[in-house]
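Participant: Turn this into a structure:
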Amino acid sequence: MPVNAENYQHLKEELGEKVTLVAVSKTKPVENILELYNLGHRDFGENYVQELVDKEAVLPKDIRWHFIGTLQSNKVKKIAPFVHLIHGVDNIPLLKKINKHGNKWNRVIDCLLQVHIADEETKHGFYENEIEEIIKQLPNGEFSNIKISGLMGMSTLTDNLDKIRYEFNYLQDLYKKNSMFAPANSPFTILSMGMSGDYKIALEEGSNMVRIGSLIFGQRNNHPV
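Facilitator: All right, here's what the predicted structure looks like:
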């Protein structure tokens, strides 16, 4: 299935220059990514480490790869040399592992702290008090090869739009509050929330990065076992 170029252009116009569109290309073939790349797009999101590694090896090197899935600590080393932004950092051991491999490759790896805002056990993330503690630890140098660029969250999967708005508004409040604690040399710049089904509400609640797949690529393929 080809990329929906009309939807893509509409999204770009709707989002403007201040909102980053991460095209969620998980399970999509290299040909689809190249098609969107040739339209000028550079930010792509992947959920599976090996799939991301395989795609990075054969696609243009100026692509900004976003890892948006649940990242296992033992797989950080595979994406540490090239990943542009890790979205879903949801525990301290993972932060430490990313920092370790950032040091190994002599680079600072940009990360977002995932916040638990949904009423679903399957959703991961830090809670409010944990976020503040992590941010306050940053100046002590323990995470010198990590840059916490902001927060990310996923809303509850529901048709209740008021609930979705409440969760996004809560995350926006946390973003503003914790921005004050961020080190001066590493300020918060990214509030990542909103996907194909709820990005309009996310934008209204202050999101400046959205992750959209099906509106651009169509329904996702089943991931191969």
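Participant: buried stuff in stretch 171-180?
Facilitator: Burial within stretch 171-180, assessed by neighbour count using 16 or more other Cβ atoms under 10 Å, is assigned to 171, 172, 174, 175, 178. Every C-beta, even on glycine, is put in place using the N, C-alpha and C of the backbone.
Participant: Excluding sequence neighbours, find me the nearest residue to residue 97.
Facilitator: In space, and not counting its chain neighbours, residue 97 is closest to residue 73: 4.4 Å by Cβ to Cβ, 6 or more residues apart in numbering.
Participant: for the one you found, what are its contacts?
Facilitator: Contacts for residue 73 (Cβ atoms under 8 Å, 6 or more residues apart in numbering) come out as 93, 94, 97.
Participant: ok, back up a step: so can I have JSON lines of the buried residues of stretch 171-180 showing distance to residue 60 and secondary structure?
Facilitator: Converted to JSON lines, those look like this (distance: Cβ to Cβ, whole Å; DSSP: H, G, I helix; E, B strand; the rest coil):
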{"residue": "171", "distance to residue 60": "33", "secondary structure": "helix"}
{"residue": "172", "distance to residue 60": "34", "secondary structure": "helix"}
{"residue": "174", "distance to residue 60": "36", "secondary structure": "helix"}
{"residue": "175", "distance to residue 60": "32", "secondary structure": "helix"}
{"residue": "178", "distance to residue 60": "35", "secondary structure": "helix"}
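Participant: ok so, going back, would you mind checking the contacts of residue 73 for buried ones?
Facilitator: Judged by 16+ other Cβ under 10 Å, buried ones among these: 94, 97.
Participant: Now render the contacts of residue 73 as JSON lines, adding pLDDT.
Facilitator: Converted to JSON lines, these look like this (pLDDT from 0 to 100):
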{"residue": "93", "pLDDT": "93"}
{"residue": "94", "pLDDT": "95"}
{"residue": "97", "pLDDT": "96"}
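Participant: In terms of distance to residue 186, which of the contacts of residue 73 ranks first?
Facilitator: Proximity of the contacts of residue 73 to residue 186 (Cβ to Cβ) peaks at residue 94, which lies at 18.4 Å.
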